[in-house]
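*Asks:* Turn this into a structure:
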Amino acid sequence: MARQVLDIADELGHGRVLALHEGGYNAYTVPFMALAVIEEMTGIASPVEDPFLPILANAYGQAIKPHQREPIDAARTLLDRFSPRW
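*Replies:* Next comes the predicted model:
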């Protein structure tokens, strides 16, 4: 997902990204997930291996569902409308 965000930022926001991390996640998995995002955003791979990746890679519900497509498309329309001002 981080790669997709960076690609969209390049396309629509001149490469600018704001990253936030709020609480409420699994204390065991979040360090590995945060590291993966940091690695993708910096282009630097660490030697740390995520022991949860094989389990999470096949998790159900990772694809965008039809009901999620509408707000995503609406956001893209807004970005397209305002991007010339950036």
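*Asks:* can you list the weak-confidence ranges in this protein?
*Replies:* By pLDDT under 70, the weakly predicted segments of the chain are 23-24, 60-62, 83-86.
*Asks:* mind listing the helices for it?
*Replies:* Counting by DSSP state H, the chain has helices at residues 2-12, 30-42, 53-56, 66-82.
*Asks:* Could you export these to CSV, including columns for distance to residue 19 and mean neighbour count?
*Replies:* (Each C-beta comes from the backbone N, C-alpha and C, glycine too.) What follows is those, written out as CSV (distance: least, Cβ to Cβ, whole Å; neighbours: other Cβ atoms under 10 Å):
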stretch, distance to residue 19, mean neighbour count
helix 2-12, 8, 13
helix 30-42, 7, 14
helix 53-56, 20, 11
helix 66-82, 17, 10
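*Asks:* Tabulate the ones you listed (a markdown table), appending distance to residue 21.
*Replies:* As requested, the helices of the chain are exported to a markdown table (distance: least, Cβ to Cβ, whole Å):
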| stretch | distance to residue 21 |
| --- | --- |
| helix 2-12 | 12 |
| helix 30-42 | 7 |
| helix 53-56 | 17 |
| helix 66-82 | 20 |
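*Asks:* Quick check: which of those helices is nearest to residue 22?
*Replies:* Among the helices of the chain, the nearest to residue 22 by Cβ to Cβ is helix 30-42 (10.7 Å).
*Asks:* what does that closest one contact?
*Replies:* Applying Cβ atoms under 8 Å, 6 or more residues apart in numbering, the contact partners of helix 30-42 are 2-3, 6, 17, 19, 21, 25, 45-46, 48, 50-53.
*Asks:* Can I get it in PDB? Just the C-alpha atoms.
*Replies:* Extracted C-alpha coordinates of helix 30-42, given in PDB (Å, rounded to 0.1, in the frame of the first residue of the first chain):
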ATOM      1  CA  VAL A  30       2.800  -3.000  14.100                       C
ATOM      2  CA  PRO A  31       6.600  -2.600  14.400                       C
ATOM      3  CA  PHE A  32       7.100  -4.800  11.300                       C
ATOM      4  CA  MET A  33       4.300  -3.000   9.400                       C
ATOM      5  CA  ALA A  34       5.700   0.400  10.200                       C
ATOM      6  CA  LEU A  35       9.200  -0.700   9.200                       C
ATOM      7  CA  ALA A  36       7.800  -1.900   5.800                       C
ATOM      8  CA  VAL A  37       6.300   1.500   5.200                       C
ATOM      9  CA  ILE A  38       9.500   3.300   6.200                       C
ATOM     10  CA  GLU A  39      11.500   1.000   3.900                       C
ATOM     11  CA  GLU A  40       9.200   1.600   1.000                       C
ATOM     12  CA  MET A  41       9.200   5.400   1.500                       C
ATOM     13  CA  THR A  42      12.900   5.700   1.800                       C
END
